[in-house]
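K.L.:
no sequence for this one, just the structure:
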Ligand SMILES: Nc1ncnc2c1ncn2[C@@H]1O[C@H](COP(=O)(O)OP(=O)(O)OP(=O)(O)O)[C@@H](O)[C@H]1O
């Protein structure tokens, strides 16, 4: 068994260097060690259907080819299974469940529905409107534009619209696509001179769901093509749903006739869920993914929700980690064991949060130093040019370096609102085009910010 563990360790090391930290942490890190070797297969426990399914669809071929090149003694392949499938030998070696049941036509994932979308203050309006759009596609709001920060449920809501429409009328031609895949597909079809096929596929749709539209930035050809498609579909009242990480007016490098079209319909945002809402999301996840531990102490859920505050994907990941940790170690799920399971994650989060917060502080202190004013005045209310220029520069630098929401930056400057920060950043950006002195000042400030402090 040891040599199979070593092989699996080697494969994990290779995967860690091949994929982004996010993919590694989300999919590979939660996998266990080798559980069993039988019939030419190495069995590894996956913590959830989600991980198992993604590994199988996207990474199994790569894992097996790594196994082939690293292990020469015999042909050996990997299988990823859930703990529940490990109970009976037969369940393991018997025919696999049809995982594709989870997927349906048009790239839709059947499990992303309105039913399991937990509603709270931060997403209530978006949810209510999504339901109306799904009920009367092409009529209520077209396009329907959903924006919000990473991992807050935009894709879930968009997919739920698609699923609902298909549930009502199986003949509807619904397609979900990520904007980055749309760019790739278009480039590919142009290369293969198959634009007819491309047009046929997209212009024939009843419902187009396009995810992460900000990815079209800097792809002018795709934007032109998308613009044509958008006009064609909307003229025929075909429903278009768009998601983005920012409001349409803040999209950069997207042609304005396109972004202004996005605002013609209805724009909704999804915010950060509060504690109660986050606990509810965890409870819902438990009820679908681990119903046998539904009687878990509510304090465990509160504990997890109190640390993972800004991203539902991370929140879910933390819950999965706790479940997996306790199941594999055969221990009760308590606040203490949850803390043990999440120890490294929580420490890393604290470190990055502290680091980033300090960096905002650092920008503020370097800028105030440079202009010989106090940080108090930099973030304060006084409005003469002596204070406003450095203030605007500091806001601009924080936005450019960390790309955090304007609202968040406003909070760092005495609770100023989103539009004040936006105007300040735009002003500096415009001035930089012709003001050499400003450019020089910002270059110097940046050098000071980047200089290591002891
Ligand atoms: N309100 C909610 N209720 C239940 N699950 C949710 C909710 N919000 C988010 N999730 C879950 O959180 C995970 C991340 O959500 P989703 O992928 O929709 O985020 P996103 O906003 O599209 O993120 P990104 O910007 O990275 O594309 C998904 O598993 C989704 O099902």
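P.N.:
That came in fine, so what should we check first? Every value quoted in this text rests on a predicted model; they were computed, and no experiment measured them.

K.L.:
ok and the residue in this protein nearest the ligand?
P.N.:
Closest contact between the chain and the ligand, by CB to the nearest ligand atom, is at residue 153 (2.7 Å). Quick note: C-beta positions are derived from backbone N, CA and C, even for glycine.

K.L.:
pretty sure that residue is touching residue 117, no?
P.N.:
Yes - with contact defined as CB atoms under 8 Å, residue 153 reaches residue 117; the gap is 6.7 Å.

K.L.:
The nearest residue to residue 270 once chain neighbours are set aside: neighbouring residues, count only.
P.N.:
Nearest residue to residue 270 in three dimensions, chain neighbours excluded: residue 148, at 3.6 Å (CB to CB, 6 or more residues apart in numbering). By the measure other CB atoms under 10 Å, the count of residues near residue 148 is 23.

K.L.:
how about residue 148, phi and psi?
P.N.:
Dihedral pair for residue 148: phi 170, psi 170, per degrees, to the nearest 10.

K.L.:
who's in contact with it?
P.N.:
Residues in contact with residue 148 (CB atoms under 8 Å, 6 or more residues apart in numbering) are 126, 154, 245, 269, 270, 271.

K.L.:
For the fifth one, which residues are in contact?
P.N.:
In this case it means residue 270. Residue 270 neighbours (CB under 8 Å, 6+ apart): 122, 123, 126, 146, 147, 148, 152, 153, 154, 157.

K.L.:
Among those, which ones are in helices?
P.N.:
Counting by DSSP state H, the part of the contacts of residue 270 found in helices is 126, 154, 157.

K.L.:
Out of those residues, which end up buried?
P.N.:
126, 154, 157 (16 or more other CB atoms under 10 Å).

K.L.:
What separation do you get for the first one and residue 149?
P.N.:
What that stands for is residue 126. Residue 126 is 13 Å from residue 149, where distance means CB to CB, to the nearest Å.

K.L.:
swap in residue 57?
P.N.:
Applying CB to CB to residue 57 and residue 149 gives a distance of 27 Å.

K.L.:
Then residue 81?
P.N.:
For residue 81, the distance to residue 149 - CB to CB - is 34 Å.

K.L.:
what's the answer for residue 304, then?
P.N.:
Counting by CB to CB, the gap from residue 304 to residue 149 is 19 Å.

K.L.:
for residue 174, same thing?
P.N.:
26 Å.

K.L.:
Looking at those two, which one has more neighbours?
P.N.:
Neighbours per residue, other CB under 10 Å: of residue 174 and residue 149, the larger number sits with residue 174, 26 against 17.

K.L.:
wouldn't that one be in contact with residue 105 here?
P.N.:
Yes - here residue 174 reaches residue 105: they are 7.3 Å apart, a contact under CB under 8 Å.

K.L.:
Give me the common contacts of those two.
P.N.:
What both residue 174 and residue 105 touch, as defined by CB under 8 Å, 6+ apart, is the set residue 166.

K.L.:
Run a quick neighbour tally on the closest residue to residue 104 other than its chain neighbours.
P.N.:
Distances taken as CB to CB, 6+ apart place residue 110 nearest to residue 104, at 5.2 Å, with adjacent residues excluded. For residue 110, the count of nearby residues is 13 (other CB under 10 Å).

K.L.:
swap in residue 195?
P.N.:
12.

K.L.:
With residue 305 instead?
P.N.:
Residues lying near residue 305 (other CB under 10 Å) number 23.

K.L.:
who's in contact with it?
P.N.:
By CB under 8 Å, 6+ apart, the contact list for residue 305 reads 275, 278, 279, 282, 315.

K.L.:
If we use 10 Å, what do you get?
P.N.:
For residue 305, the contact set (CB atoms under 10 Å, 6 or more residues apart in numbering) comprises 273-283, 315, 318-319.

K.L.:
Of these, grab the buried ones for ChimeraX.
P.N.:
Buried residues within the contacts of residue 305, by 16+ other CB under 10 Å, are selected in ChimeraX with:
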select :273,277,278,279,280,281,282,283,315,318,319
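
K.L.:
Make TSV out of the contacts of residue 305 and add distance to the ligand, secondary structure and pLDDT.
P.N.:
Converted to TSV, the contacts of residue 305 look like this (distance: CB to the nearest ligand atom, whole Å; DSSP: H, G, I helix; E, B strand; the rest coil; pLDDT from 0 to 100):
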residue	distance to the ligand	secondary structure	pLDDT
273	7	coil	87
274	12	coil	88
275	14	helix	87
276	12	helix	90
277	7	helix	93
278	9	helix	93
279	12	helix	93
280	8	helix	95
281	5	helix	96
282	9	helix	96
283	10	helix	94
315	7	helix	93
318	12	helix	93
319	11	helix	94
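
K.L.:
so what's residue 363 up against?
P.N.:
378, 393-398, 401-402, 412, 445-446, 448-449.

K.L.:
Likewise for residue 379?
P.N.:
364, 368, 387, 391, 394, 395, 412, 413, 414, 415, 416.

K.L.:
secondary structure class for the last one?
P.N.:
What that stands for is residue 416. Classification of residue 416 using DSSP: H, G, I helix; E, B strand; the rest coil returns coil.

K.L.:
Quick check: phi and psi on it?
P.N.:
According to degrees, to the nearest 10, residue 416 has phi -70, psi 160.

K.L.:
from the middle of its chain, how far away would stretch 147-163 be?
P.N.:
10 Å (CA atoms, centre = their mean, to the nearest Å).

K.L.:
Would you mind listing the buried residues in it?
P.N.:
The neighbour-count check on stretch 147-163 (16+ other CB under 10 Å) flags 147-149, 151-163 as buried.

K.L.:
Identify, from those, the entry nearest to residue 341.
P.N.:
Nearest to residue 341, judged by CB to CB, of the buried residues of stretch 147-163 is residue 151 at 20.0 Å.

K.L.:
Isn't that closest one up against residue 316?
P.N.:
Yes - counting by CB atoms under 10 Å, residue 316 is a contact partner of residue 151 at 8.8 Å.
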